[in-house]
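Q: mind looking at a prediction? Sequence and model below.
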Amino acid sequence: MSDDFRPDPDALLAAISRAERAEGSPTRGRLKVFLGMSAGVGKTYAMLEAAQKAKREGRDVVIGYVESHGRKETDALTEGLPVIPRRTVEHGGVTLSEMDLDAVLARRPELALVDELAHSNAPGSRHPKRWQDVAEILAAGIDVFTTLNVQHIESRTDTVRQITGSTIYETVPDRVLDGAEIELVDLPPEELMKRLATGKVYQGERAEAALFNFFREGNLTALREIALRYAAGRVGRDVQDYLQAMQIEGPWKTGDRLLVAVSASPLSAQLIRWTRRMADSLHTEWLAVHVESARNAVGPAPPQLTKNLALARELGAEVVTTADEEFSRGLLRVARQHNVAQIVVGKPGGTWFAQWRGMRRLQRLLRQSGSVDILVVRADELPATAAGPEAVARPAASQPVAFERDVDRSRAEQYGTAIGIIAAVSFANAFLAPLLGYRSVALTYLFSVVGLAMFLGRGPILVAAGLSALLWNFFFLPPTYTFYITNVEDGLMFGLYFVVAAVLGQLVAKVRGQEQANRRREERATALYLLTRDLAEAASADEVVRTVAKRIGEVFHARAALLPTDSQGRLEGKPHPASTLMISDKEHGVAAWAHHHGQAAGRFTDNLPLAEALHLPLRAGGRPVGVLSVQLDAPSPPSLDQRDLLEAFARQTALMLDRERLRDSEQSSRLVAESERLGKTLLNSISHELRTPLAAITSATSGLRQAGPLTPVQVALAGEIAEASDRLNRLVRNLLDVARLEAGHLQPHLDWCDPADLCQVALKNVWPQLAGRPVVVNLPSGLPLVKADFVLLDQALSNLLANVAVHTPPGTAVELTARLGGKELLIEVADHGPGLAPEDLPRVFEKFYRAGSAKAGGTGLGLSIVKGFVEANGGRVEVANRPGGGAVFTIRLPVGDAPSLPAELA
Amino acid sequence: MSDSVPHAAKPLVLVIDDEPQIRRLLTLTLEANGYRVVTAERGQEGLVLAAQQAPALILLDLGLPDLPGTEILRRLREWTAVPVIILSVLDDETGKIAALDAGADDYVTKPFNSGELLARIRVALRHAEKKSEPPVFHTGHLVVDLASRRVTSGGQEVSLTATEYNLLRLFVRHAGKVLTHRQILREVWGPNAETQTHYLRVYLARLREKLERDPSQPELFVTEAGVGYRLVPVPEPA
């Protein structure tokens, strides 16, 4: 078996989807469970006490649903806690009150109290179970306090049943409690009995508990032990999690995965629970594996198998279905692929034949197991009701029942067909027998049995073989109309006929079954392959949707719609135009729920099961990309295979949509980069072209003045040239700065700057322009360093100073001040000039804006550059008129934490 | 004065610039001030001329079309320590710093004043002569006696901490030349402190406080915005 060690693609996909789930929102609410051994120990009381404490600590606590049963002490504790009004539901003439889930979600408290986690909701509610409501509240980021009796924990129900003899129908999957904080509310059994005797336990609870024989001291002691052990086990795990997180070496082994073999037997459920407990205590992962063989693959999956696998999934197992004619080979192959150390199988039981077959199977498994340990676990016979807890607990979900009936009908039909055909053949034989003789007639029977085997299951074939043998004997074997056989030859003939018919029929049925199983797997593989191939060729998101809708139509005979996610992560209102399914507002609501919660919703699921379509959320790279809505025309839920295939389709679609999205964003970012590069090149070349001649003029003029004795007129002319080129130079610089700001190419190079240094440098730059003006510089020592781009700030400040030089009369004094104001450094440029007109004040920093009073010259760019450069450094610039006349411009820069200095200074 | 210097004694300057007008202007200015000039239009050509003619100084434009300025510097520095002055445009502080760190001696920003350019050339040539450091350095009112580690400002003895003195000595040794932040930090605080610009800001402020005549208008320790600092040799006050 060369493919033994090849990674199982299903396992890979499962691992990917698990990793995606693990990345879920970090703001998920925390669950705290007040766990008790039985009713009446005071869980609700303890929960309310904790809630009051949380409220005193300033948390926003509301009561989502609390049942005080009219007890005064409990009622007193609810005081001061806002209550979300309950929702009432009419059902069968009875008014039931339930928690109003939407109201709790809309209220968005920090902490919600929800009593009785195991409660089943009234039919027609969004979820069949209250723990599903709680999961949704948690997913919305709200913490939840809740109460729970230990007998309702899924993995403990068997033990409880064994102790008390009562079967518990309202169960909470263990995975709901994974990660929850467990607070045990403990009361010694004698104490509880005393409370019971003095009437401190509510009548309703008494009735419930009495029903389950809980209030017997022996039972209470046992229940208490289960509760204590559960809580202790949880503590142990928390410690282990901590040790592992801290990477402390411990006594546990990693990679000790468990595997439980699951069949269609109701006993499998017990094995599954047993394995979950074992995996819990070993703190390891576990798998539930069903080996499909031709024998059990005929027809739709038995409902019990679906139920068993669903149970395993709920308890946190990784569920794997594999096909192999030999049970042990299939099991061990999965075990090796998944690095399993121990396999759990049931102890063979039942009739002697079943026991013999089970033992042979077990022997084969033991022989081939190699390094894998085999654990053989006893599973009890169950009372008949125990097989159907879900059916009892979920009156709303009528689908599984209908499904079962379908199967029965098809079975009955098969038997009917077998009997009908044999009867028809017998009728024909009545006419043929005189012509062919009674022995040849047996051949026509044999022919019809083999023919039937092409269409029917093994049971009907056996019936057909037996029936035809008897009919032949009765109607055709002499003496006719009796079952007597007088002739040894005929006796042998009769026996041989029966054996040949039965064996031939069985063989044909088996071969056909195998062929069917193969065909189903092949169909599945082909469907997935075709989808992947078409998707790989799809060049756009449109084509992806069209391909998926087409393939789903072909494979599932269903219509499909895709609701993509928009750029804000919300679900779009209309399905993609290539969809083949119309989405009504109601269905859109269900799809939005699936999208928001990342869980499948709608028909055939536990979430909003009354919807018409099945809505699968699409996730890729840890984020939602849309919802795939599929409306299956078949009335029965899809088989395990179909469901898997549909989910594989959804995953592929999600990946492809994500790929398209990445491609789009990559293309647009490449365009942006390209245009930026072009812009930069253009700017650089313009800069070069403008500056080179300017450089030549400046250099030539200065050279001229140096070169030698000039006449006074020549000196003056050279001075004019120099001044003009200086001005041109400043203009070019301003234009290029504006262009840089406009193009968004400005990348400030932030570094520590000394504000005093900055002021000095800027002042020196504009010194020639300020000639003839008194300049007052006010730079206190000890100004903090600021993190900024020195060159940009220098340019901004120089522009401010130059602005004063341009817009105030010659000789006007200029003040330059730097000071600390709160967490900001203020650099002020003030003058005693005419100031600004009030209407100019808000607009002076606009590009090309020139104050009405401005004299000719200047482009109106300088101040807009100041604003741009200061803001690029995280600062602000303001302008105001001074009370005594004149204007003051202020640059405000944030002052961060002072950098650390070398030891000598510190 | 230029004509009195014999031809062979005139230092040779290699100008590498792709703009013909700048080459012509530089040639005019330099020849008028007692230098011989060879020019190159491309980086490759410049490298060949540098090897053949062994110029005393190179003026290198940073925006050459064939080779980036830093690449030319890298190739030059593989075999010669000839002083190189960069001709760069405004707003290209990154390019200047890269060139200075790659071994350029100084830079002049276009459009430049010919007086400024000639001063830079003189400083660079003087440093290249590598005469033994004068034990006493004068600039303006500042006197630094490197032998006895005495610093006086306007005749008053100034006491400096060890780091302040190290910083001052670095400036004195490279008087007139620009020093990038990185160069100063590496020399004074070691290679691990190359990015700790705030050390430099604080110490410069202190040096100015102690040594400048008017610390609010520094004349000696001049800030080269975005690039570094320069200790300016000022003629002694009369």
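A: Yep, that arrived. In this text the structure is predicted, and so the values were computed from the model without any measurement.
Q: contact partners for A:Asn308?
A: A:Val262, A:Ser263, A:Ala264, A:Ser268, A:Ala269, A:Ile272, A:Ala288, A:His290 (CB atoms under 8 Å, 6 or more residues apart in numbering or on different chains). No exception for glycine: its C-beta is placed from N, CA and C like everyone else's.
Q: three-state assignment of A:Leu893?
A: Here A:Leu893 is recorded as strand under DSSP: H, G, I helix; E, B strand; the rest coil.
Q: so it makes contact with A:Ala788?
A: Yes - A:Leu893 is in contact with A:Ala788 according to CB atoms under 8 Å; the separation is 6.1 Å.
Q: domain boundaries for chain B, per the record?
A: Chain B resolves into domains spanning B:2-129, B:136-231 when parsed by automatic domain parsing.
Q: would JSON lines of those with mean neighbour count be doable?
A: Below are the domains of chain B laid out as JSON lines (neighbours: other CB atoms under 10 Å in any protein chain shown):
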{"stretch": "domain B:2-129", "mean neighbour count": "18"}
{"stretch": "domain B:136-231", "mean neighbour count": "18"}
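Q: shared neighbours of A:Leu893 and A:Ala788, anything?
A: With CB under 8 Å, 6+ apart as the test, A:Leu893 and A:Ala788 both reach A:Asn873, A:Gly874, A:Gly875.
Q: are any of the residues you listed buried, and which?
A: A:Asn873, A:Gly875 (16 or more other CB atoms under 10 Å in any protein chain shown).
Q: from the shared contacts of A:Leu893 and A:Ala788, pick the one nearest A:Leu657.
A: The closest of the shared contacts of A:Leu893 and A:Ala788 to A:Leu657 turns out to be A:Gly874 (CB to CB; 38.7 Å).
Q: helix, strand or coil: sort out the closest one for me.
A: coil.
Q: so what's it up against?
A: Applying CB under 8 Å, 6+ apart, the residues near A:Gly874 are A:Ala788, A:Leu893, A:Pro894.
Q: how much space between the residue lying closest to B:Gln196 once chain neighbours are set aside and chain A?
A: Distances taken as CB to CB, 6 or more residues apart in numbering or on different chains place B:Leu185 nearest to B:Gln196, at 6.2 Å, with adjacent residues excluded. Between B:Leu185 and chain A the distance is 11 Å, computed by CB to the nearest CB, to the nearest Å.
Q: next structured bit after whichever strand or helix holds B:Leu185?
A: According to DSSP states H and E, B:Leu185 maps onto helix B:181-189. Sequence-wise, the next helix or strand downstream of helix B:181-189 (DSSP H and E) is helix B:197-211.
Q: do that following helix and chain A meet at all?
A: Yes - counting by CB under 8 Å from any CB of the partner chain, chain A has neighbours in helix B:197-211: B:Thr197, B:His198, B:Tyr199, B:Arg201, B:Val202, B:Leu204, B:Ala205, B:Glu209.
Q: wait, isn't A:Pro348 in contact with A:Arg357?
A: Yes - taking CB under 8 Å as the definition, A:Pro348 is a contact partner of A:Arg357 at 7.5 Å.
Q: just the helices from chain B, written as ranges.
A: Using DSSP state H, the helices of chain B run over B:20-32, B:43-53, B:69-77, B:93-101, B:114-129, B:162-173, B:181-189, B:197-211.
Q: now the ones you listed in JSON lines, with mean pLDDT and distance to A:Thr698?
A: Output for the helices of chain B, formatted as JSON lines (pLDDT from 0 to 100; distance: least, CB to CB, whole Å):
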{"stretch": "helix B:20-32", "mean pLDDT": "89", "distance to A:Thr698": "10"}
{"stretch": "helix B:43-53", "mean pLDDT": "88", "distance to A:Thr698": "24"}
{"stretch": "helix B:69-77", "mean pLDDT": "87", "distance to A:Thr698": "21"}
{"stretch": "helix B:93-101", "mean pLDDT": "85", "distance to A:Thr698": "19"}
{"stretch": "helix B:114-129", "mean pLDDT": "86", "distance to A:Thr698": "9"}
{"stretch": "helix B:162-173", "mean pLDDT": "88", "distance to A:Thr698": "29"}
{"stretch": "helix B:181-189", "mean pLDDT": "88", "distance to A:Thr698": "28"}
{"stretch": "helix B:197-211", "mean pLDDT": "86", "distance to A:Thr698": "30"}
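Q: in CSV: these, plus distance to A:Arg570.
A: Shown next, in CSV, are the helices of chain B (distance: least, CB to CB, whole Å):
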stretch, distance to A:Arg570
helix B:20-32, 60
helix B:43-53, 56
helix B:69-77, 50
helix B:93-101, 43
helix B:114-129, 62
helix B:162-173, 59
helix B:181-189, 49
helix B:197-211, 46
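Q: can you tell me, leaving aside adjacent residues, what's nearest to the residue nearest the centre of chain B?
A: The residue lying closest to the centre of chain B (CA atoms, centre = their mean) is B:Lys177, at 2.8 Å. Once flanking residues are discounted, B:Lys177 sits nearest to B:Asp106: 5.5 Å by CB to CB, 6+ apart.
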